[in-house]
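Trainee: here is my input; please provide its structure:
(3 chains)
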Amino acid sequence: MKAVTTSVQQQTHKLKKERNFWRTAIRNKYLYMMSLPFVIWVFVFSYYPLWGWTMAFQKYKPARSFGEQEWVGFDHFKTLFQDDTFYLVMRNTLAMSFMGIIAGFAVPIIFAVLLNEVRSMAFKRFAQTISYLPHFVSWVVVAGIVTKMLSADHGTVNEILMWLGLIDQPIQFLAKGHYFWGIITVSDVWKEMGWNTIIYLAAIAGISQEMYEAARVDGANRIRQIWHITLPGIRSTIVILLIMSIGHLIQIGFEKQFLLGNNLVRDYSQVLDLYALEYGLQLSRYSFGTAINIFNSVVSIILLFTANGLFKKITKESIM
Amino acid sequence: MKSKGLLGSAPLSDRFLSVFVYVFVIFVMIITLYPFLNVLALSFNDSVDSVRGGITIFPRDWTWENYKVIFSFSGLITGFKISVFRTVAGTVVGLISASMLAFTLSRPDFQGRKFVSVFLALTMYVSGGLIPVYFLIRDLHMMNTFWVYILPGLVSAFNVFVIRSFMDGIPFALQESAKLDGANDFTIYWRLILPMSKPALATIALFLAVGQWNSWFDTYLYNGSSEALTTLQFELMKVLQSTTSGNNVDIHNSNMTQMMSTVSPESVKMAITIVVTVPILLVYPFLQRYFVKGMTLGAVKG
Amino acid sequence: MNQISKWSSLALSTTLVAGLLAGCGSNNDNKENTASPSANNTGSESAAPEDTSPLTLTYYSEDPSPNWANMQDEIGKNLTEKTGITLDAEFAVGDAVQKSSLIAASGEYPDLISAKQSIAKFVDAGAVLDLTDLIDKYAPNLKKLFEGNMSRLRYSDDDHAIYVIPSYNGIGQEYFNAGGGFELQHRVVKELGYPQIRTVADYEKAIKDYLALHPKDENGNPNIGLTLNADDWHMYISVTNPAFFATGGSDDGEFNIDVDTQKVTYHFRRPEEKEYFKWLNHMNAEGLLDPESFVQKYDQYKAKIASGRVLGLIDQDWDYGDGEKALKAEGKFDYGYGHYPVTMSEDVKEASFWPTGFMAGSGVAISVDNPDPVRTIKFLDYLASDEGQVLMNWGIEGKHYNVVDGKRVIPQDVNDRKVNDATNFTKETGIGLYNLLSGHYGDGVKDPSGNYYTTSFPEQIVASFNDAEKETLAAYGATTWKDLFPKEEEFKVKPWGAAWNIPIPGDSEAVVIEKKLTDITWKRIPEAILAKPADFDKIWDAYQQELIKANVEKAEKIREDLVKARVKLWSE
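Mentor: Numbering: from 1, shown residues only, chains lettered A, B, ... in the order given. Predicted coordinates for the structure are as follows:
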């Protein structure tokens, strides 16, 4: 008797769940209407073109139609993983990424927090506008400036170091591989810091003033206010940006490495996206390029889910 | 009992902080202003003289020539108009799409929440490549149209997540009480949540605007032969090409046409940077006022 | 209220879909109608007996042409008048190869295509027509132009079709000046009494002696003996190509090919070149080479030259030209550079001018989508005719040039505008915009009237030298720099043209191997040059080993097969 009732119970439970599902769906109808068109949109423009990934398993020739292509299975991936350069390139990419994420988060957050402490609105706005100007100057120009500043032939940095007595001969910074990662990180911070603070400033603007009032009444000085109100207040913003950045860990582009690098530091400056460009697109090896593309995406997705899961557990914030 | 009160709690640490803040901010301003001033100076400097180097923040040999070269290109006016259109259209449309999606995702009672989040998030990291997208655009008859600037990039996962994160900070209780008053989800979105999300919207509007303003690759791929649909950046790329001695040079053919240009590429590059940046600089102050400190969220704790 | 909201949310969602449909509707159909207003207003006045009804053709080119004025310039209008053809053109911006790939893959082709090296993609896609019959039947001028060289227009050994009318290389092209070799400032050779600059030892001595006399410039900054331009692809011009020029090899890209046996060697494997790089290493050890050579960017290189401190260069004049221009603008003419045919030793000839014969190469193709290939080929034929060539190069008689005593002369004011207001001049007149559209004669070739086809000729070059240059040239007994270099006649013509001009099939292994080889070379050569002299041999040997490990011999073999195929193709 008990067994029968349990299965009946299960069935009614299931029916109830289903009915609940539809009931909630009806209740959610506006939400569906507000999101479904976009989901379809995303499908058309972002997911449908993924059929192009089949190119990685073919010997793709633009001339032939889809049916006529030659299939080579995982050959391109094998080529990729058997190439020594690939590992070198991954090392460089990861190193610069890590350094980039650390510096690229710490500095804008600190700057945003400090800027928020500025009393005068006018000065604050002015400072903010100036700070993001380098974002608009292309990397070509910024790289030129950096190269000149680091030059051993009257470059600013060498002049200062010598004047301070720290060195007596100018150093050719850009000729030494092990300085390269640091140079890239610092240049990137210089260029993007101001722009990256915009989001944090907006997030800070969303924190209720009342909390500051309350803290002041409690006798907290500004430093403590920052620590206990401002920073936690923007924590969710920081977390989602961090998750998204971790997903992009190996997709860092190549423009700045290409422009600041030279043949002497190639072993440190070549990154994955540059490798893909030089050995894929520029040699018209679409299949190989697509294979790297897939590799990129797979790694990114794994990183994304890992970061998301971690943060969900630790801080209860996540994007998915 | 902490009876220090407002005046008393201006301890040494606060003053220390103020000084530190000002020093840091001014330092940042100097180092970030420099590249821009350098570009500005070079844009007004005679191109031949610029080759000598050594120009920092003041032009040495003033000239309008670099700008004249840019403005002598006829496509610029059309490019400017189209760029303005696409920036405005793209920003408005992008804001609506991102905020609407963000709203649905911020609702804990939305059934599709998890699915849509994942579905969106993945798009940031996958791409089919240039060729499939090109075919798609062509098959949808969007080649040589204005819409190719707006429609394909309509939904940006990044924008959605940023706005959602802001919306998450708005207490759900507010929405519940609005529901009790008879509002449906769309009204709540339009009349309640949107106005409260101004800082987020302003930020994303800025990102969208800059993105639209700066793009030229889509013009190149899809509207390359369409004079009426050219964009400012694309025209400027053409200007740059006309004076670049060397990027596509055939290294075995010492082609003398390079020598024909009287304005060197560096100077024009600088002038182009200025021409492109100034409009954005004019836009930002309008958006800044939305980054107003503090929102009173009523009696409910944030 | 609720009703309205419900409808507005529905409306909003569908607006975007409607936008897409509207996008279909407002689609500017068909490139043929967009930007060519002149298609309608060309009169049908025609002097030539051919069909000159208005026809607009779409044209895609991988080269930029920023001054293109939609054929509204003077030459353009004239052409449309005479042939009825108007071109709706799209030129490359940025990386053209990507765009070409897309077009080739898309299945919809422009009427005329100038795709340089990407033409292979179009051929593979079946997008372009075989022009052999069209030329034979309808293009007498093209036939005359390419007489004797027709076999060079053929695509490959397996495919004797003619897909491309070469438009980059001119028939009978002659060179009147030398822009390469090794450079030294005029003031250096002058002060040293114009010593012979023939070998690297001579060159080194000149720099050393002058530096001893003038170690610093007037501002107290040290003078630099020699600086190299190693920024990205400039590496080829200033660092690696000179290695073969200075050791008797000619320019065949990254390979050296024996003119008799056609044996192919990756040129860095030649023992002579080891000696060349060893010499550079020695220059570095002596402090005569700029230590920043491999770190500096292109604009820093030019700035250094513009400062006047650099005594010697190894580069092409168009590569360092901007720097020299700055010096000239300051009036420092004796800080300018002369060109010398320096090689390792006296019995080695500098091979900059090793003749290749007509190289065919990149040009214009007619696509399968072209509405009227016959009229198109007639149009191209007109451009290649005597009348057409003079029109494209000189302009319109009476406006851009005059005929004085049977000689074509450009009036001074026109010439001034050409040089000083180049951009506007080009846009208005159209001179220089149409040269890559069809086959043409090169510099130094005279037309039936006894005048040159082009506007570059020897007298002009000599006139363009400034006093310092003339002084140095006179001291060495030459009229132009080319006089100092071994002449074309001293070499055997290369039956394959030039190896860098031979296309490699896209899926060949050679493509990847060669890229790897370049990567290795670009890393090792700077390393070897900057190393301590005692370490040079060790580094060089390791370099050579790396090349072998990277399959250099396979690449050489593949190249050799291609060269032999080319020789066969061209000699039939």
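
Trainee: give me the three-state assignment for the residue in the stretch 301-450 of chain C that chain B sits nearest to.
Mentor: Relative to chain B, the nearest point of the stretch 301-450 of chain C is C:Ala303 (3.4 Å; CB to the nearest CB). Heads up, the C-betas are built off the backbone N, CA and C, glycines and all. With DSSP: H, G, I helix; E, B strand; the rest coil as the basis, C:Ala303 sits in helix.

Trainee: now it: closest residue in space, sequence neighbours ignored.
Mentor: Nearest residue to C:Ala303, sequence neighbours excluded (CB to CB, 6 or more residues apart in numbering or on different chains): B:Gly53, at 3.4 Å.

Trainee: the one you found and C:Tyr301 touch, don't they?
Mentor: No - B:Gly53 sits out of contact with C:Tyr301 when judged by CB atoms under 8 Å, with a separation of 10.5 Å.

Trainee: if you count what's nearby, which of these two comes out ahead?
Mentor: More crowded of B:Gly53 and C:Tyr301, by other CB atoms under 10 Å in any protein chain shown: C:Tyr301, with 27 against 17.

Trainee: so how far is A:Gln128 from the closest residue to that one other than its chain neighbours?
Mentor: Spatial nearest neighbour of C:Tyr301, excluding adjacent residues (CB to CB, 6+ apart): C:Asn229 at 5.0 Å. The gap separating C:Asn229 from A:Gln128 is 41 Å, by CB to CB, to the nearest Å.

Trainee: again with C:Thr132
Mentor: C:Thr132 is 67 Å from A:Gln128, where distance means CB to CB.

Trainee: separation between the residue nearest to C:Tyr301 and C:Glu292?
Mentor: In terms of CB to CB, C:Asn229 sits 11 Å off from C:Glu292.

Trainee: quick one: which of these two has more around it?
Mentor: C:Asn229 (28 against 21).

Trainee: three-state assignment of C:Phe358?
Mentor: coil.

Trainee: tell me how many other residues surround the residue nearest to it when sequence neighbours are not counted.
Mentor: Nearest in space to C:Phe358, with sequence neighbours left out and distances taken as CB to CB, 6+ apart, is C:Asn149 at 4.7 Å. C:Asn149 has 16 neighbouring residues, counting by other CB under 10 Å.

Trainee: surely C:Asn149 and C:Ile171 touch.
Mentor: Yes - between C:Asn149 and C:Ile171 there is a contact under CB under 8 Å: 7.2 Å.

Trainee: overlap in contacts of the two?
Mentor: Here C:Asn149 and C:Ile171 have C:Phe358 as joint contacts, going by CB atoms under 8 Å, 6 or more residues apart in numbering or on different chains.

Trainee: buried ones in stretch C:394-410, by neighbour count?
Mentor: Within stretch C:394-410, the residues scored as buried using 16 or more other CB atoms under 10 Å in any protein chain shown are C:394-396, C:400-401, C:408, C:410.

Trainee: residues contacting stretch A:51-59, please?
Mentor: Here stretch A:51-59 has contacts from A:66, A:69-74, A:76-77, A:286-288, A:290-291, A:293-294, B:128-129, B:131-133, C:507, using CB under 8 Å, 6+ apart.

Trainee: among those, which ones are in strands?
Mentor: Among the contacts of stretch A:51-59, DSSP state E puts A:70-71 in strands.

Trainee: near chain B too, which of the buried residues of stretch C:394-410?
Mentor: Near chain B, judged by CB under 8 Å from any CB of the partner chain, there are no entries from the buried residues of stretch C:394-410.

Trainee: state the phi and psi torsions of the residue nearest to C:Phe358.
Mentor: phi -120, psi 10 (degrees, to the nearest 10).

Trainee: what residues go with each domain of the chain?
Mentor: The chain I'm using is chain A. Domain assignment for chain A, taken from automatic domain parsing, gives A:1-73, A:74-315.

Trainee: sorry, should have said chain C
Mentor: Taking automatic domain parsing as the criterion, chain C consists of the domains C:47-174+C:358-437, C:182-351.

Trainee: do you know which of those domains lies nearest C:Trp500?
Mentor: domain C:182-351 (3.4 Å; CB to CB).

Trainee: just the buried members of the contacts of stretch A:51-59?
Mentor: Buried among the contacts of stretch A:51-59 by 16+ other CB under 10 Å: A:69, A:76-77, A:286-288, A:290-291, A:293-294, B:128-129, B:131-133.
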